[in-house]
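In: Build the 3D model from these lines:
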Amino acid sequence: MKVIHENILVHIPEPKKAPGGIIMPDEEKDDKLEGVVVGCGEAVPEELENLLGVSIRYKKFYDGGEFDLKDGKYIVMNYKDILLIL
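Out: As a prediction, the model looks like this:
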């Protein structure tokens, strides 16, 4: 899979279950909006190309799309939507 332009590919880890098996309704969940960068497009600035394998926090309303593959959930977004490098 090839990421193009100013986009990055972010793997979203599966949410961890709370001890005791408590399930919270969706509106009560605090989404951390974190993921791991697994791909960068050719127009991503050079200083950010070394993000592969690095955890990031991104905007709640990012410019991109979500999709599911066999090994988990992914997001393609613009690199400008990164808020923090963790």
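
In: which other residues reach the helix or strand harbouring residue 9?
Out: Assigned by DSSP states H and E, residue 9 falls within strand 7-12. Residues from elsewhere that reach strand 7-12 (CB atoms under 8 Å, 6 or more residues apart in numbering): 1, 3, 34-41, 44, 51, 56, 58, 64, 66, 72-79, 82. C-beta coordinates here come from the backbone N, C-alpha and C atoms, glycine included.

In: now the strands: where do they sit in this structure?
Out: Along the chain, the segments classed as strands by DSSP state E run 7-12, 34-40, 55-58, 64-69, 72-78, 82-85.

In: for the ones you listed, which one ends up most surrounded?
Out: strand 7-12 (a mean of 22; mean count of other CB atoms under 10 Å).

In: Relative to it, what are the paired strands and their orientations?
Out: Sheet pairing of strand 7-12 (DSSP bridges) gives strand 34-40 (antiparallel), strand 72-78 (antiparallel).

In: Would you mind giving these as TSV with distance to residue 7 and mean pLDDT added?
Out: Formatted as TSV, those follow (distance: least, CB to CB, whole Å; pLDDT from 0 to 100):
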stretch	distance to residue 7	mean pLDDT
strand 34-40	8	95
strand 72-78	5	94
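
In: Those strands into JSON lines, with extra columns for distance to residue 13?
Out: JSON lines is the format used below for the strands paired with strand 7-12 (distance: least, CB to CB, whole Å):
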{"stretch": "strand 34-40", "distance to residue 13": "7"}
{"stretch": "strand 72-78", "distance to residue 13": "7"}
